[in-house]
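In: Here is my input, please return the structure:
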Amino acid sequence: MKQKAGPGKTDLEREEQKVMRVYKDKDVNQNPEGCVEVDKTREPCSMVFIGHVDAGKSTICGNLMYLMGVVDARTIEKYKQEAKEKGRDSWWLAYVMDVSDEEKAKGKTVEVGRAQFDTKTKKYTIFDAPGHKNYVPNMIMGAALADVGGLVISARKGEFEAGFEKDGQTREHAQLAKSLGVQKLIIIVNKMDECKWAKSRWDEIQSGLKPFLNNCGYKDSDLIWVPIAGLTGENIMEKTDKCNWYTGAPLLELLDQVKLEVRHPTGPLRIPVLDKMKEKDLIIHGKVENGTIKLGDKLALMPSGNPC
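Out: Presented below is the predicted three-dimensional model:
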């Protein structure tokens, strides 16, 4: 018997009823023709690195790619030489993510950098979001695609304070990440080597930041804290022996331990539209939150219900 929409149903609710009827008969577990093969041995995880400008986000991302063997030694040597020629010797790892001439000239991330690497348990897509306040819309794009956030804090004296002030991007990025649905946040306290891995500096940062993150809506169980040195790679892949007071795991191990929210591939398709551009055809940019999509599927653009 065909189900009727009630008299109080909106156009959106009636369209969703149609979609639900289609998905009841659709078995996406059989990998239908047109679907991309999924690596079932590794759980997909997308992570965005956010935080105040110059906290070291691009350097951390670049070092992750280097340590995981995604970037070869020859390319690294090229970036080292390029950074030296520009008088920015310590920026060579950032060039792994900041690839445009504008970013290298300005010494800051402008667009959201994107890269991928695999561990034994997860398949990562990482997003390097810009920290400058002029590029907040680009940061929002990266955060909206992420399962996990990495809030990068600089332990260098004065830099944490600058990011945590009223107009600092540490505050704004944390609030935006929560509002965009980033439920787990890894607080990466970077540049700990510059304060000689002092526990007093760690305690100072944690006591100042934790109440604010709680007020943003993050519970203590949603927060994971880790001290690192992004430029030297200490406590990223292997635990450092310079930080005896820290009893947790290094960054990569912590990432693999994060439990992600379960998605439902057999449910109705949901793709929040984050951006669009017009070339020959209309191209939309979004993240699959629910359901499965394959080549040739007909979609409904909501709330209008127009096919696309």
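
In: Break down the protein into its helices, ranges please.
Out: Under the criterion DSSP state H, the chain contains helices at 11-24, 57-67, 73-85, 101-106, 136-144, 159-164, 169-179, 199-216, 251-257.

In: ok, now how distant is Leu260 from Arg42?
Out: To Arg42, Leu260 is 12 Å away according to C-beta to C-beta, to the nearest Å. Quick note: C-beta positions are derived from backbone N, CA and C, even for glycine.

In: rewinding a little: same list, the helices of the chain, but as JSON lines with distance to Asn235 please.
Out: As requested, these are exported to JSON lines (distance: least, C-beta to C-beta, whole Å):
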{"stretch": "helix 11-24", "distance to Asn235": "45"}
{"stretch": "helix 57-67", "distance to Asn235": "11"}
{"stretch": "helix 73-85", "distance to Asn235": "20"}
{"stretch": "helix 101-106", "distance to Asn235": "27"}
{"stretch": "helix 136-144", "distance to Asn235": "24"}
{"stretch": "helix 159-164", "distance to Asn235": "18"}
{"stretch": "helix 169-179", "distance to Asn235": "20"}
{"stretch": "helix 199-216", "distance to Asn235": "12"}
{"stretch": "helix 251-257", "distance to Asn235": "6"}
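
In: Val112: which of those helices is closest?
Out: The closest of the helices of the chain to Val112 is helix 136-144. By C-beta to C-beta, the value is 4.1 Å.

In: Let me see the mean pLDDT of that closest one.
Out: Helix 136-144 comes out with an average pLDDT of 75.

In: And for stretch 186-204?
Out: The pLDDT scores in stretch 186-204 average 97.

In: Also stretch 284-299?
Out: 77.

In: follow-up on the earlier one: let me know which of the helices of the chain is tucked in deepest.
Out: Across the helices of the chain, averaging neighbours per residue (mean count of other C-beta atoms under 10 Å) puts helix 57-67 on top, at a mean of 25.

In: Output that helix in CSV with nothing but the alpha carbons.
Out: Taking Å, rounded to 0.1, in the frame of the first residue of the first chain, the C-alpha atoms of helix 57-67 are listed here in CSV:
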residue,chain,number,x,y,z
LYS,A,57,50.4,23.5,11.3
SER,A,58,52.0,23.2,7.9
THR,A,59,55.3,22.0,9.4
ILE,A,60,53.6,19.3,11.4
CYS,A,61,51.6,18.1,8.3
GLY,A,62,54.8,18.1,6.2
ASN,A,63,56.7,16.1,8.8
LEU,A,64,53.9,13.6,9.0
MET,A,65,54.1,13.1,5.3
TYR,A,66,57.9,12.8,5.4
LEU,A,67,57.9,10.4,8.4
